[in-house]
Every structure is written in C-alpha cells, then in structure tokens.
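A.B. asks: Show me how the following folds:
(chains A and B)
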2 protein chains.
Amino acid sequence: MNINQNYLNLKESYLFSTIAKKVEDYKKQNPDKNVIRLGIGDVTLPLCPAVTEAMEKAVKEMGKKETFRGYGPEQGYGFLASALAAYYQKRNVSLEEHEIFISDGAKSDLGNILDIFSVDNTVLIPDPVYPVYVDTNIMAGRNILYMNATAENGFLPLPDEKMDADIIYLCSPNNPTGAVYRKEQLQKWVEYALEHKAVILFDAAYEAFIQDESLPHSIYEIEGAKKCAIEFGSFSKTAGFTGTRCGYTVVPMELESSGVALNRLWLRRQTTKFNGVPYIVQRGAEAVFTEEGHRQTRQAIAYYLENAKIIGRALNTLGIPYTGGENSPYIWMQCPDGMTSWDYFDYLLEKANVVGTPGAGFGNNGEGFFRLTSFGNREDVLEATRRMEQLGK
Amino acid sequence: MNINQNYLNLKESYLFSTIAKKVEDYKKQNPDKNVIRLGIGDVTLPLCPAVTEAMEKAVKEMGKKETFRGYGPEQGYGFLASALAAYYQKRNVSLEEHEIFISDGAKSDLGNILDIFSVDNTVLIPDPVYPVYVDTNIMAGRNILYMNATAENGFLPLPDEKMDADIIYLCSPNNPTGAVYRKEQLQKWVEYALEHKAVILFDAAYEAFIQDESLPHSIYEIEGAKKCAIEFGSFSKTAGFTGTRCGYTVVPMELESSGVALNRLWLRRQTTKFNGVPYIVQRGAEAVFTEEGHRQTRQAIAYYLENAKIIGRALNTLGIPYTGGENSPYIWMQCPDGMTSWDYFDYLLEKANVVGTPGAGFGNNGEGFFRLTSFGNREDVLEATRRMEQLGK
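C.D. replies: Okay, the predicted model is just below:
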C-alpha cells in the first residue's frame, strides 16, 4: 500500500509548541515571575446555565428507555436546524432546514467540505490565515494561490481579476487579524465568484462578536451569495463549545456546479462518512437560541469584548497601531520599533512576562505583527496591560 | 469550480427507504395489523446508569469556571485512551496511549482513514458488506476488488494469492452476516498482508458480542498484525452510544509504509481536520470501563444475545439455515424455498407482519439471504418468532 504522498508536503507547525517551550524555559529560569497568557485562542468562561440545564435533561432522557435516542439524522436534528434558521431569519436570511447541516465543528467541516470538489481546482487563501485552510488543501494536492492581507488593505483583500480561483476562503471576523468585511466588500467577492464560477467558503465562526450593526454576520446578507457561497458557523466561540463540539455548515440549494446541487453532494458525504452530533450536545446547542441562552451567551461575549477594549486602550496609550478587538476577540497589533514578531515575543515575555502569538506563525504577511486575544480573565488582562503600559512602546 | 466527479459514480442506496415505503404502504392498507421490526440496526436499550452519571457529572464540570474544559486533544483525552489500553491488555494486547485515537465513531474513521492512502491503491472488500466501505472508496475513485462471502466459506473469505490488494477490509463479527473469524483464519490474512505490503482495515465494532472465548476480539491478538493492520472500535453497540457518538481507531507505531509511520499521518489528519470528541462524551465512554459500567453494558448485550437466541431457535425449528446470532447481534438467514430476498421481505411482511432486511441490499452475494437483528424488545422478538413459526417455512 502507498500513502497519500501529499502529506509529505505538509510543513510541521512549530508555532504553538515553540511558544510553549519558550514559556516553559523562561518560567524555569524565573520561577518567581507571574507569566500571563494573552495568546490563548480558547474560551475560558464555563458553559452557561441554559446550556448545561438542557444537556443535563438530555442525559437523563438518554438514560430512560422511553426517551432514549439512538442514531439521529447524520445532518442533525430538525429542532436545531430550525433554531438556526430562525437565527438567520433575524437578519432576513431565509434558509430551509435541509440547507443547514449540523456538525461537530467548523474545523471538521472546513476540512471535509473539500471532499466534494475536484482536486484540480485552484484555491485562493488570504495570508495571514488560519493554518487549516492551507494544510487541508496541501493534503489533497491542490494548487494554492495566496492573496495579501496587509495594513494597506486593512487586512481585507478584495478580488483581483487577474487571479483565476475556483475555491475562495474568506474569514470574517478574521482570525488572526480581527478585521471584518463590510457589505460592499463582500458584494465584490460575490460578484467575482459568480463571474468566475468560483465557490466562496465563508468562515463565520466569530460572527457573534460583531457589535457594529452595519457589518454583515453572514455572507447570505449579500445578494447572489446563495448561488456561490458555503458558510461555516460554530458554537465554539459563540457559546463556549470548544470542548463540547458543535458547528454547522450552510449549503444553499441554489448553489450548483454543472447542474449538480452541492447540497446533495455534501449530504451524501455526511451520510456516508459521518454519523451526526451527540443528541445531548444538539440539545445544548438548541438552548443557545432560547431567550435565556441568548442572554447568557452574549454576556460571556460582552466580557471578552470588554477585555479586548482594555487591551485596545493600552495599545492606544502606547501609540501602537492594531486592528480587531471591536467586533472580534482578536487584536492584531504591529510589533513596535520594527521588531520581528518572534523578537517581540521574546521581548514581551522577558520584560513584561506577557505571552502573545507571533504573527509570522500565520503566514508571511504576519511578520512584524502580533496576535493578542481577549479570552483571558479580567484580572490577568488588567495586569498584563498595566505591565505593557509600564514597559512603554 | 468543478465537483469531485467520483461522486457521480455513487449509486443511490434505496435499501432502507424502500423498506420504509413498503412498510408504510402495508400499514396504510392494514391499519389494524401490528407490524414488528426485526430489521433495525440500532440499539433500543438506554444508556446505563454508570454512563449517564459520569456524563451528568461532566456537564456540571463544564458549567463551572474552575472545572470547565475548552479544546481537548484532537486525538482524545489520555484518561479514555488509557482505559482502552487496559481493556486491550486483558487480552494481552499491549498498546501505547498514543496508538489509540478517540473519535466520534467508527463510521467517521472508516471513511476518513482513506485520506492517508494513495488513491492509486487497490481495495479489497467482501461481498456482502457494510455499504460504507464501498461508497467511501468510490468517492475517492479507487479501484475496488470484491471477495465472495458465501455459505460455502461460512461467509468468511480467506486470502486469494491471485488477488493483488493494497487495502483490505475485514469486519468480524460481521455486519451483515454475523460470522466471526477464528484466529487461524485471521493469521492467514495477516500473512497475506505482510507479504503483499497491504494494510488491513479491521472493523471490530461488534467485538463485545463475542461469547466464545476462543474467538479473537482484536486483530492484534494475531502475531504480526501490528505491522499491517488498523483497527476500528466503537461504543455504539458495546454501550448503546449510537446517538452519543464515540469510537476509536488503533494505529500501531510499527505500521509503516516506505519508512513513514501511518500513526503520524493519521495524527496529522486528525489534528488538521478534527477537533476531538466532546469532553462530556469521553467521560461517559470512560465509565464503560469501570466495574459497574462494564457489568451494566454487558447486561444489555446479554439481553440482545438472548433475543438472538430466540430468533435462532425459531429458525432451527423451521429448519432454516443461518449464521450469526451467537457472537453477534445479527442473524443472516437463507430465504426459504429459494425466494429472492425482496420476495421473502414481502412474504414475511404480508403473512407474519414482520420486517427484516433483504440481503440483496448488502451486495450481490446477499441475494437469497435475509438479515434479522436482535436489537428489538423481548416481547416483540417473542411475538415475531411465534408468528414466523406459525407461518412455517
């Protein structure tokens, strides 16, 4: 048997292991120092009561013969799809339940969706970027084009007519830059996709952090998008589900290629290679859309956004340019004094005992930038920013 | 963008939808008849108390900041891998924790594992078979060879030196035939695989139903298997997890292709395209291996096997040959009087109001056979077999 040789083209990512090693070494040499992590990409607040109550109830149902549930629909229970459809409807996006596929998370779907596309397709990916977009396409042996997300374009690249792409990745609010596309910008992407018969893979995992009402949460707020876009959503950051695992993917019926509905292909993929999300978890996710669940999960998001504000204020005081933090949990700051992102990492660790993520880890255009996140404790954020201000620029 | 054209080569499976339609029609025309389903491939007993208690505790942990868990390891928590390693050790199979990958179920892994193999590999699949083996390879465009599982070889095909296969699927106890390989038979497969540098994908989803102590539960009970086999396990039928979703895949470190450890490739696949099983579910799965959990889950299996015995006794009385039912939840019976499997389906539905699954739905060699399952209620099984006996052969 032969292996998939494309796997040998993958670069090992040493980003987070190198960070861990550097922090560990520093702590060993400085056991008395209180190191604060502002680089963490994971939520820290617990699941809200509405969610845990729904899950406890579901666990009890699973323990009784009369209410026990075996195999559910691979694409998810109607009760959750219908709650999601109602959530979209609030922004005047009308979706049928069978256009919404419940999954164990956006990461799985973003990787698995590639199954339904030809390996000859050319992929267009922003740089810097969530590394999964790149790696999953290397695994399949696809040709990858990059588009530059830089300070000049506000980290929001627009279509370049010279580029001929079949599959386009957009992430808004963006990881790692925190930048958010405006409607007229997304409109340009939809027009490009329709013209070039391309498909947009729209990663909306951070949509719940959007506060500015004029910004789009979903690409389907743009006319024509249902004919050219698949959208990925997640409960991970919306409701603290990073360890509970639930997401969803929208494949509108209007989205076709040579007369074949991609919705049917994705249904076939999921019914063949997936067996659905735990009933218990789907009940927890459903509870996010109750009045209580909505209020409680938005409280957690408000907490994180207040952290982001505190970080932003400190950077303003220091005169350091940054994007994100207002409609996103991520803050993408310029490294001061022209430092490389790893130099700034070492500098901040040693001088302020604060840990962030070097931008170079997200792509070539990440060099000279640094990612801070708002998922920490309030006290830690306050202490970290106090130290950064004291250190000066 | 172009779609993966291989998807157009998939046959739509009408098996279960046709069954549902026929049953529905019959019931509409005969509203007073009590139709009993003996074709169901899903568990019906609830989760055991040890599992639900562990999950309730885990839900509570997720609701408190001090005990909340965010992202877990993609390949699963050590506590569950170590419980599984101990389970394997009982049969003298020594595995390292990092050789065991926790997943959301065997179906997902059986499909996704193909990612790490070249599409040029030739696949060898038994007929009849669990349709997922075939469909996932059609999706990738692989060449498929079939081997005959027939009454002549006890539905347990052995290697044919003339066949040159790279990837071999074995399922024991088998779905749909209920047949179980003996150690000396699996030894032949391991020898073939080592000689031909092939990999065996061993589906052990039904191992917990094995009662005969001489039969192997794991392919790793066979010497040399760690160099040529990947094993898939599941909590679905072992502990009633069909709607709770947890399974595992074993990729031994010794398993290599041209010096590349498949374990590393699968780890790379899972860390890139998967984000782990819910913490709550992993705690539930861990509880299956406690003394209480083991006892309670084995009680459910004993209940199903007693159902199988009742069905087997009825078939014996009727003089109908069958396999399975002793070390498997499935009974694979010959259709009486040379009926085709769909003719027998109609006959049994109309004359005894009993529903089973026509063997033809599992492959060409399934013609003339019929699958009954033991997952129903005791009263239903008793009533169904009483009717079948009354009907005669």
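A.B. asks: contacts, neighbours, all on C-alpha from now
C.D. replies: Noted.
A.B. asks: The nearest residue to residue A:362 once chain neighbours are set aside: what's it in contact with?
C.D. replies: Distance criterion C-alpha to C-alpha, 6 or more residues apart in numbering or on different chains; nearest residue to residue A:362, sequence neighbours excluded, is residue A:128 at 4.9 Å. By C-alpha atoms under 8 Å, 6 or more residues apart in numbering or on different chains, the residues touching residue A:128 are A:148-149, A:176-177, A:359, A:362-366.
A.B. asks: Pick out whichever of the residues you listed sits closest to chain B.
C.D. replies: Ranked by distance to chain B (C-alpha to the nearest C-alpha), these are led by residue A:362 at 14.8 Å.
A.B. asks: Read off the pLDDT value for that closest one.
C.D. replies: Predicted confidence (pLDDT) for residue A:362: 95.
A.B. asks: ok, it - contacts?
C.D. replies: So residue A:362 contacts A:127-131, A:176 (C-alpha under 8 Å, 6+ apart).
A.B. asks: what do you get for residue A:129?
C.D. replies: Residue A:129 is in contact with A:175-176, A:362-363, counting by C-alpha under 8 Å, 6+ apart.
A.B. asks: Buried only: go through those for me.
C.D. replies: A:175-176, A:362-363 (16 or more other C-alpha atoms under 10 Å in any protein chain shown).
A.B. asks: For burial, what's the neighbour tally of residue A:375?
C.D. replies: Residues lying near residue A:375 (other C-alpha atoms under 10 Å in any protein chain shown) number 26.
A.B. asks: So which residue is smack in the middle of chain A?
C.D. replies: residue A:205 (4.1 Å; C-alpha atoms, centre = their mean).
A.B. asks: Could you check how far that one is from residue A:172?
C.D. replies: According to C-alpha to C-alpha, to the nearest Å, residue A:205 stands 8 Å off from residue A:172.
A.B. asks: Residue A:151 now?
C.D. replies: Computed as C-alpha to C-alpha, the residue A:151 to residue A:172 distance reads 16 Å.
A.B. asks: ok, those two, which is more surrounded?
C.D. replies: Taking residue A:151 and residue A:172 together and counting by other C-alpha under 10 Å, residue A:172 has the greater number of neighbours (27 against 14).
A.B. asks: who's in contact with that one?
C.D. replies: A:178-181, A:202-207.
A.B. asks: In a markdown table, list those residues along with secondary structure, pLDDT and distance to residue A:160.
C.D. replies: Output for these, formatted as a markdown table (DSSP: H, G, I helix; E, B strand; the rest coil; pLDDT from 0 to 100; distance: C-alpha to C-alpha, whole Å):
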| residue | secondary structure | pLDDT | distance to residue A:160 |
| --- | --- | --- | --- |
| A:178 | coil | 97 | 22 |
| A:179 | coil | 98 | 19 |
| A:180 | coil | 98 | 19 |
| A:181 | coil | 98 | 16 |
| A:202 | strand | 98 | 18 |
| A:203 | strand | 98 | 20 |
| A:204 | coil | 98 | 22 |
| A:205 | coil | 97 | 25 |
| A:206 | coil | 98 | 25 |
| A:207 | helix | 98 | 25 |
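A.B. asks: My guess is residue A:331 contacts residue A:309. True?
C.D. replies: No: counting by C-alpha atoms under 8 Å, residue A:331 does not reach residue A:309; the two are 9.6 Å apart.
A.B. asks: Close to chain B: what parts of the stretch 251-393 of chain A are there?
C.D. replies: Proximity of the stretch 251-393 of chain A to chain B, by C-alpha under 8 Å from any C-alpha of the partner chain, involves residues A:257-258, A:265, A:272-280.
A.B. asks: Filter those down to the ones in helices?
C.D. replies: A:265, A:272-273, A:279-280 (DSSP state H).
A.B. asks: Now residue A:62: closest residue in space that isn't a chain neighbour?
C.D. replies: Closest residue in space to residue A:62, ignoring its immediate chain neighbours: residue A:68 at 4.3 Å, by C-alpha to C-alpha, 6+ apart.
A.B. asks: Same question for residue A:219.
C.D. replies: Counting by C-alpha to C-alpha, 6+ apart, residue A:219 lies nearest to residue A:225, which is 6.3 Å off, once chain neighbours are set aside.
A.B. asks: Next: residue A:296.
C.D. replies: residue A:48 is the one closest to residue A:296 (C-alpha to C-alpha, 6+ apart), at 6.0 Å.
A.B. asks: tally of neighbours for the one you found?
C.D. replies: Neighbours of residue A:48 under the rule other C-alpha under 10 Å: 25.
A.B. asks: hang on, the earlier thing: pretty sure the residue nearest to residue A:62 contacts residue B:44?
C.D. replies: Yes: with contact defined as C-alpha under 8 Å, residue A:68 reaches residue B:44; the gap is 7.5 Å.
A.B. asks: ok so, going back, what's the spacing between the residue nearest to the centre of chain A and chain B?
C.D. replies: Relative to chain B, residue A:205 is positioned 14 Å away (C-alpha to the nearest C-alpha, to the nearest Å).
A.B. asks: Which element, helix or strand, includes residue A:176?
C.D. replies: Under DSSP states H and E, no helix or strand contains residue A:176.
A.B. asks: Where does pLDDT dip in chain A?
C.D. replies: A:393 (pLDDT under 70).
A.B. asks: can you list the contacts of residue A:128 in a markdown table and add distance to residue B:22 and secondary structure?
C.D. replies: Below are those laid out as a markdown table (distance: C-alpha to C-alpha, whole Å; DSSP: H, G, I helix; E, B strand; the rest coil):
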| residue | distance to residue B:22 | secondary structure |
| --- | --- | --- |
| A:148 | 58 | strand |
| A:149 | 57 | coil |
| A:176 | 54 | coil |
| A:177 | 56 | coil |
| A:359 | 60 | helix |
| A:362 | 55 | helix |
| A:363 | 57 | coil |
| A:364 | 60 | helix |
| A:365 | 60 | helix |
| A:366 | 60 | helix |
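A.B. asks: Who wins on neighbours among those residues?
C.D. replies: With neighbours taken as other C-alpha under 10 Å, the top of the contacts of residue A:128 is residue A:177, carrying 34 neighbours.
A.B. asks: all helices in chain A, in order from the N-terminus.
C.D. replies: Remark: helices assigned in chain A by DSSP H are A:15-29, A:49-62, A:78-89, A:106-112, A:131-140, A:183-196, A:236-239, A:262-273, A:279-287, A:291-318, A:341-352, A:378-391.
A.B. asks: and the stretch 101-250 of chain A, which residues reach chain B?
C.D. replies: A:104-105, A:107-112, A:115-121, A:132, A:135-136, A:166-167, A:197-199, A:240-245.
A.B. asks: Just the buried subset of these, please.
C.D. replies: By 16+ other C-alpha under 10 Å, those give A:104-105, A:107-112, A:115-119, A:121, A:132, A:135-136, A:166-167, A:197-199, A:240-245 as buried.
A.B. asks: quick revisit: pick the one among the residues of the stretch 251-393 of chain A next to chain B closest to residue A:158.
C.D. replies: Using C-alpha to C-alpha, residue A:257 comes nearest to residue A:158 of those, at 23.6 Å.
A.B. asks: I'd say that closest one and residue B:4 touch.
C.D. replies: No: using C-alpha under 8 Å, residue A:257 is not in contact with residue B:4; the gap is 10.5 Å.
A.B. asks: Can you point out the buried residues in stretch A:222-235?
C.D. replies: Buried-residue list, stretch A:222-235, by 16+ other C-alpha under 10 Å: A:222, A:224-235.
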